[in-house]
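Engineer: mind folding the following:
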Amino acid sequence: MATYYKGILGGFSGKVGPVVGARWRGKDVMRSAPTPTDKPATESQIEQRAKFKCVAQFLMPLRAVISLYFGEPYQDKSRYNLATSYHITEAVNVVDNEGVMNYTKVLISKGDIPGMQGPTLTAAANQELQLTWIDNSNQPMAAGTDDLLVVCYAPAQNWYEIFTPTDNREDAGATLTLPTYFQGIEVEVWGTFVNAAVSTAATSTYLGTATVL
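Structural biologist: I've put the predicted structure just below:
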């Protein structure tokens, strides 16, 4: 793959003869067009493709969150690239050639500020999820004003709900109200604290599974 900065007509996207042009991580690049092959994919290739497809589909709706709060960009890798690599390596299994997310290993954020301490998650009437934690704002790098961020995901329906409420670390609790159509649905839940002013975050915590009442 080659990077180019100026051309007769500037950057291009698509195939021209044996060359494919595209934008990749903010740069104009060219690469050789793939050569068609009848060679069957190896077991390893099938597994890797299944992992990538599963992770890409799972992370896409979370891109806005991950692009702000998943570690720090490294060289030419964006936060989203880092999150994709992490989840392919650590948070997806392959069953019958299909990728399956391991929700206990999923991270919606990654960072150095203190995370949630002693969290509890309880489903309550009227599609509410009641979340509590220990106020640890006295720990180094923590602030009482760190914002709570919660992601709920319904696997069977492929529904996402992202909460960025006004609750802070020092509040030690929050009530999250899901839309009425979530009633009776099982959701996976993750929580974290973020400092939006400087785009820093804690490494998120898996809060468990709840059935919405």
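Engineer: could you use CA atoms for every contact and neighbour count after this?
Structural biologist: Will do.
Engineer: how about the longest helix anywhere in the chain as CSV, C-alpha atoms only?
Structural biologist: Among the elements of the chain assigned as helix by DSSP state H, the one spanning the most residues is helix 43-59. Listed in CSV are the C-alpha atoms of helix 43-59, where the atom choice follows Å, rounded to 0.1, in the frame of the first residue of the first chain:
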residue,chain,number,x,y,z
GLU,A,43,-10.0,-22.5,9.3
SER,A,44,-8.0,-19.7,10.8
GLN,A,45,-9.1,-17.2,8.1
ILE,A,46,-12.8,-18.2,8.6
GLU,A,47,-12.5,-17.7,12.3
GLN,A,48,-10.8,-14.3,12.0
ARG,A,49,-13.4,-13.1,9.5
ALA,A,50,-16.2,-14.2,11.8
LYS,A,51,-14.6,-12.3,14.7
PHE,A,52,-14.1,-9.2,12.7
LYS,A,53,-17.6,-9.2,11.4
CYS,A,54,-19.1,-9.7,14.8
VAL,A,55,-17.0,-7.0,16.5
ALA,A,56,-17.6,-4.5,13.7
GLN,A,57,-21.3,-4.9,13.9
PHE,A,58,-21.3,-4.7,17.7
LEU,A,59,-19.1,-1.6,18.0
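Engineer: roughly how far is that helix from the heart of the chain?
Structural biologist: 15 Å (CA atoms, centre = their mean, to the nearest Å).
Engineer: hmm, who's touching that helix?
Structural biologist: By CA atoms under 8 Å, 6 or more residues apart in numbering, the residues outside helix 43-59 that reach it are 84, 87-88, 92-94, 97-101.
Engineer: give me the mean pLDDT for it.
Structural biologist: Here the mean pLDDT over helix 43-59 is 95, rounded to a whole number.
Engineer: what residues are up against the nearest residue to residue 186 once chain neighbours are set aside?
Structural biologist: Closest residue to residue 186 in three dimensions, ignoring its sequence neighbours and counting by CA to CA, 6 or more residues apart in numbering: residue 211, at 4.2 Å. Applying CA under 8 Å, 6+ apart to residue 211 gives the contacts 123, 183-187.
Engineer: make TSV out of those and add pLDDT.
Structural biologist: What follows is the contacts of residue 211, written out as TSV (pLDDT from 0 to 100):
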residue	pLDDT
123	99
183	98
184	98
185	98
186	99
187	99
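Engineer: can you redo the residues you listed as CSV with secondary structure?
Structural biologist: As requested, these are exported to CSV (DSSP: H, G, I helix; E, B strand; the rest coil):
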residue, secondary structure
123, strand
183, coil
184, coil
185, coil
186, strand
187, strand
